[in-house]
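Asker: please find the sequence and the predicted model below.
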Amino acid sequence: MIPIDPAARANVHLVDHPLVQHKLTLMRKKEASTNSFRRLLNELSSLMAYEVSRDMALQDVVIETPLETMTGKMIDGKKLVFVSILRAGNGILDGVLSVVPGARVGHIGLYRDPNTLQAVEYYFKMPKDMEERDIVVVDPMLATGNSAAAAVTRLKECKPKSIKFLCLLTCPEGINAMFNAHPDVPIYTAAIDRELNSHGYILPGLGDAGDRIFGTQ
């Protein structure tokens, strides 16, 4: 088992809420159907969205209650961008958008070369004015870290205000790789699993997230 760099571990936010852990365990089961896997992913993503948005900036807004005028706090969801790493990242979007429905959405298409395990980009589409926006990159798995690091490198060219990475599962290899490439990008995850196998899959993991979301196993 590869150890996690202590500095890299400090950059990881483990979302260990009981509901998150319960739903993740149900998703891991090999007998979970495509329908139940999607439903659980949607619910779990919603819960994790609360954690990843915990430090979002608020602005004062004057409103009228039924009784009087007051100043309340609101976030500007339009300045937040959820960036999905295709295709599995799309499975997280519905859940996070249910919490921040005003957020914009970007997509980056990357596939992992089966021989080198390196990321190859094939699609990139983002909202306008990225310099004014905070980004949350979403992908169910942070495994080798190659795709995630490549996505963040590409996104930094847009010069956003900030970038976070949200995933269901990661492992020491993924954490170390992301930290080595982007020590300024915090990772939010529901679990840190043991290791990668020789094919770059997380163990014990939950299998191929994309296949389980879209029923392509």
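Answerer: All right, it came through fine.
Asker: quick one: Arg87 and Asp211 touch, right?
Answerer: No - under the criterion of CB atoms under 8 Å, Arg87 makes no contact with Asp211, lying 9.9 Å away. The way it works is simple: take the backbone N, C-alpha and C, and place the C-beta from them, glycine included.
Asker: who's more crowded, those two?
Answerer: In terms of neighbours (other CB atoms under 10 Å), Arg87 is the more surrounded of Arg87 and Asp211; the figures are 18 against 14.
Asker: what sits against the more buried one?
Answerer: Residues in contact with Arg87 (CB atoms under 8 Å, 6 or more residues apart in numbering) are 109, 210, 214.
Asker: what does Val61 give?
Answerer: Contacts of Val61 by CB under 8 Å, 6+ apart are 71-74.
Asker: now those residues as TSV including pLDDT and distance to Gln59?
Answerer: Shown next, in TSV, are the contacts of Val61 (pLDDT from 0 to 100; distance: CB to CB, whole Å):
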residue	pLDDT	distance to Gln59
Thr71	97	10
Gly72	96	10
Lys73	94	7
Met74	89	6
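Asker: now the two most distant members of those.
Answerer: Farthest apart among the contacts of Val61 by CB to CB are Thr71 and Met74. That separation is 10.3 Å.
Asker: what number of residues lie near Glu173?
Answerer: 20.
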